[in-house]
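**Student:** Return a 3D structure for these sequence lines:
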Amino acid sequence: MRINQCVGCEDFPCQDVKHESYIIPTIELDPDKVSMVMISEAAPENPANYYYAGGEPLFEQTTLLALQDAGVQATSIDDILSMGVYLTSAVKCGKTGYGIKAATIKQCSLILAEELNQFSNVKVYMLMGDVAIKAVNYIAKRHGKERVIPAGSTYKIRGKEYVFGDIRVFPSYLQAGPAFFIEKSKRRMIADDLRQAMGIISLE
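**Tutor:** Numbering: from 1, shown residues only. As a prediction, the model looks like this:
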């Protein structure tokens, strides 16, 4: 299955993103083998930096470093996929500025919800940053549920147990792109969150 053949945006209503950077994963995968979905912020401005772009894209390299920090033996995107970990972004277009408007996150969460629905055996959602957290909270609200992750800084809310249905949800920090290198303390927390998440899917 290819995710981009199942979900997508048709009318591109959002004004604060770069539509020319729109990306939905095009890789071939077996959805039944996906046990963890790692959701980052937005697609990169340059599609060559996206997870599945080929070569050594930035998103792949920083994600591999995050996993290696957590003690996971992975050296390629294929290694990540073989562990049952699928990588995507909450917003499917690149940013035009530092932030992303709430209306854009809400709109794109419709696509993310359809994307997540393709995976029936997922045990863990990793929410890498505030945008991913907000997107999943919007999805929960549309299901008539309370927000999955409470309001507050990630530093204060991470480390507690959150669930969406029977799926464990980990709020963490952004691992995709140059921001990963900025703060060593956040990098340590990402590693800790990933260790816990990988522990859950390794028990299957």
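**Student:** Check whether the closest residue to T154 other than its chain neighbours sits in a helix, strand or coil.
**Tutor:** Excluding the flanking residues, the one nearest T154 by Cβ to Cβ, 6 or more residues apart in numbering is P171, at 5.6 Å. C-beta coordinates here come from the backbone N, C-alpha and C atoms, glycine included. Here P171 is recorded as strand under DSSP: H, G, I helix; E, B strand; the rest coil.
**Student:** Can you spell out which residues form a bridge with P171?
**Tutor:** L127 (DSSP bridges).
**Student:** Touching, it and I157? I think so.
**Tutor:** Yes. P171 is in contact with I157 according to Cβ atoms under 8 Å; the separation is 5.8 Å.
**Student:** list the residues that contact both of these two?
**Tutor:** Contact criterion Cβ atoms under 8 Å, 6 or more residues apart in numbering; residues shared by P171 and I157: I149.
**Student:** how close does the residue nearest to T154 get to K33?
**Tutor:** Distance, P171 to K33, using Cβ to Cβ, to the nearest Å: 25 Å.
**Student:** of the two, who's got more company?
**Tutor:** P171 (24 against 13; other Cβ atoms under 10 Å).
**Student:** Am I right that Y155 falls within a strand?
**Tutor:** No. Under three-state DSSP, Y155 sits outside any strand and is assigned helix.
**Student:** quick one: average pLDDT of the biggest helix by length in the chain?
**Tutor:** Across the chain, the longest stretch assigned as helix under DSSP state H is helix 184-201. For helix 184-201, mean pLDDT rounds to 95.
**Student:** Determine the set of other helices and strands touching that helix.
**Tutor:** Under the contact definition 3 or more Cβ pairs under 8 Å, 6 or more residues apart in numbering; DSSP states H and E, helix 184-201 sits against strand 36-42, helix 58-69, strand 124-128, strand 167-172.
**Student:** mind running it again at 7 Å?
**Tutor:** If you count contacts as 3 or more Cβ pairs under 7 Å, 6 or more residues apart in numbering; DSSP states H and E, helix 184-201 packs onto helix 58-69, strand 124-128, strand 167-172.
**Student:** for the ones you listed, which one sits closest to K92?
**Tutor:** helix 58-69 (13.5 Å; Cβ to Cβ).
**Student:** buried residues in that closest one?
**Tutor:** Neighbour-count burial for helix 58-69, counted by 16 or more other Cβ atoms under 10 Å, picks out 58-67, 69.
**Student:** Kindly report the same for stretch 161-171.
**Tutor:** In terms of neighbour count (16+ other Cβ under 10 Å), stretch 161-171 has its buried residues at 162, 164, 167-171.
**Student:** Now flag whichever of those is closest to G129.
**Tutor:** Using Cβ to Cβ, P171 comes nearest to G129 of these, at 8.8 Å.
**Student:** Look up the pLDDT of the closest one for me, please.
**Tutor:** In this prediction, P171 has a pLDDT value of 98.
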